[in-house]
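**Q** Build me a model:
(one chain, ligands or ions: 1)
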Amino acid sequence: MTSDDAGATAPAGCPVVDVDHHDPAFHERRREAWAELRRCPVAFNERYGGFWMVSGHEEVEAVSRDAETFSSAHLREPVDGVTYLGIAGIPRGRAIPTAGIAEVEGPVHLALRRVINTRLVPNAVGRMRPTMEAAARWFLDQHVESGEIDLVLEYASPVPAVMTMELVGLPVDDWASYSALFHATVAHRPGEPEFDAAVGNIPEMLGRLGEAVAERRAAPRDDLLSDLLALEVDGRRLGDDEVRSVLWNLVGGGLDTTTSLTSLSLLHLARHPDLRRHLAEDPRLMTSATEEYLRYFSVNETLTRTVTADVELGGQQLRRGDHLMISWLSANLDERVFEVPDEVVLDRAPNPHLAFGSGPHRCIGMHMARTMFQVLVREVLDRIPDYRVDEARTRPYSGNPELNGLVRMPTTFTPGPRLGPSARPF
Ligand code: HEM
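**A** Numbers count the residues shown, from 1 in each chain. Take a look at the predicted model:
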């Protein structure tokens, strides 16, 4: 793709950048690339139909706090043959439904958040912790005697998947299908066999979600799915498709994000034995270390918004209908806010990172994500403290501009004993 394919040209006098965020070369040097972009924190890119790239911490936060002016709704027609999420070249397969709560605004958004939040506030997440610990122990138990595990596919992916099934009230036995599907759609690019096969499975998964919705309508239980079905907004219940779309968003949000944060952090700890030792020896570091790895990796790297009214941002004049890509990753590496932003400082304080976003769309699963991360990392540090990653067989995502993570991470360690029951505890 070249800028010749673009629809819009830059407004007169505004800074123009020429960056293709879909190019694998951009991904390989994205920290440097965003550092260059931050020299002008709001700049226009003529590619992909034309859009603003917002890279400074202050500007990204301003956009995410003002949901009225910067809408998350999907307002753009397809450009260059791909249906994009929001704007700016984040590809979304045609079969993937709209992103539930993330693209809804106004009273419906508020009502959805209120209902979902009751099951994701810190107290509620605290009640999930024993199940998280039991699940982490069980998945590690399956490999601990052999001395080999894939820490992505056999550990950091299954535990969030099981917990998300439990949270929503979906059949827990389905965890592996959801985990495989969401992992493949974010870890691979359209056109790669793994991506195409996963997209091919979406209709069947949507069918299964539809069955769960119908079952719960007939017989409500104490779970989030039943809460959503009982919700009334402006005197109206949500339709089956709306509920499915919210569930899809929750499951998608809950799975590979936490997996990526955990696996990238475990890889980083393996490469930095001094940090691994500090974290293992001083459990008090875990809280600040969680925030620091959230900041450093910002696994949800970018999102998009559409301008609903003329507005000035970072010294630039934006017009109604303009599209923006906001980079949480770049905001979290902004040298105007963070000292040594490219280093992991386990006890960094303060740490005003935006890894979960900010404002009305701020990540609703953030407490659950933090707790899962801590449980998963603690279990590894306690039980297989000498783990060694086989880096030759470890693969990063193949260039997804929205999410970062690892496809797989084969790992070896000194074998140890099983600790839990042989029966599955979830
Ligand atoms: C490391 C883990 C995670 C990261 C880095 C992360 C990051 C984010 C970010 C950046 C946003 C967008 C905020 C915005 O647009 O302003 C978001 C929204 C969201 N996240 Fe997460 N997330 C994580 C885990 C989770 C989990 C575990 C769940 C579910 C249990 C979840 C569910 C959602 C949902 C439903 C939204 C949409 C909220 C809304 O639009 O109101 N996320 N997340």
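**Q** Return the residues in contact with the residue of the stretch 151-300 of the chain found nearest the ligand.
**A** Closest to the ligand within the stretch 151-300 of the chain is residue 253: 2.7 Å, counting by CB to the nearest ligand atom. Where C-beta positions appear, they are placed from N, C-alpha and C, glycine not excepted. Contacts for residue 253 (CB atoms under 8 Å, 6 or more residues apart in numbering) come out as 102, 363, 364, 365.
**Q** what's the spacing between the last one and residue 42?
**A** When you say that, I think you mean residue 365. 29 Å (CB to CB, to the nearest Å).
**Q** which one of those two has more residues nearby?
**A** The residue with more neighbours, out of residue 365 and residue 42, is residue 42; 23 against 20, by other CB atoms under 10 Å.
**Q** Just the pLDDT at the more buried one, thanks.
**A** According to the prediction, residue 42 has pLDDT 97.
**Q** Ok, residue 85 next?
**A** pLDDT, read off for residue 85, is 42.
**Q** List the residues that contact the most centrally placed residue in the chain.
**A** With distances taken as CA atoms, centre = their mean, residue 257 lies nearest the centre of the chain, 3.6 Å away. Contacts were defined as CB under 8 Å, 6+ apart; by that measure residue 257 touches 299, 300, 365, 369, 403.
**Q** tell me the contacts of the nearest residue to the last one once chain neighbours are set aside?
**A** The shortest distance from residue 403 to any non-neighbouring residue, by CB to CB, 6 or more residues apart in numbering, is to residue 186 (4.9 Å). Residue 186 is in contact with 256, 397, 400, 402, 403, 405, counting by CB under 8 Å, 6+ apart.
**Q** So, low pLDDT: which residues of the chain?
**A** Applying pLDDT under 70 to the chain flags residues 1-9, 11-13, 74-100.
**Q** One more pass at 80, please.
**A** Residue ranges of the chain with pLDDT under 80: 1-14, 48-49, 73-104, 190, 398-402.
**Q** residues from it in reach of the ligand?
**A** Residues of the chain found near the ligand, taking CB under 6 Å from any ligand atom as the criterion, are 64, 72, 101-102, 113, 164, 249-250, 253-254, 257-258, 261, 299-300, 303, 328, 355-357, 359, 361-365, 368-369.
**Q** Show me which of the residues you listed are buried.
**A** Among the residues of the chain next to the ligand, the ones that count as buried by 16 or more other CB atoms under 10 Å are 64, 72, 101-102, 113, 164, 249-250, 253-254, 257-258, 261, 299-300, 303, 328, 355-357, 361, 363-365, 368-369.
**Q** May I ask you to name the longest helix in the chain?
**A** The longest helix of the chain (DSSP state H) is helix 193-218.
**Q** Just the CA atoms of the next helix or strand after that one, as CSV, please.
**A** The first helix or strand that comes after helix 193-218 along the chain, using DSSP states H and E, is helix 224-230. Extracted in CSV, the C-alpha atoms of helix 224-230 (Å, rounded to 0.1, in the frame of the first residue of the first chain):
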residue,chain,number,x,y,z
LEU,A,224,-23.1,-12.5,33.9
LEU,A,225,-24.9,-13.9,30.9
SER,A,226,-28.2,-14.0,32.8
ASP,A,227,-27.5,-10.4,34.1
LEU,A,228,-27.1,-9.2,30.6
LEU,A,229,-30.4,-10.9,29.5
ALA,A,230,-32.2,-9.3,32.4
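**Q** Next step: the contacts of residue 257 restricted to helices.
**A** Going by DSSP H, the helices hold residue 369 from the contacts of residue 257.
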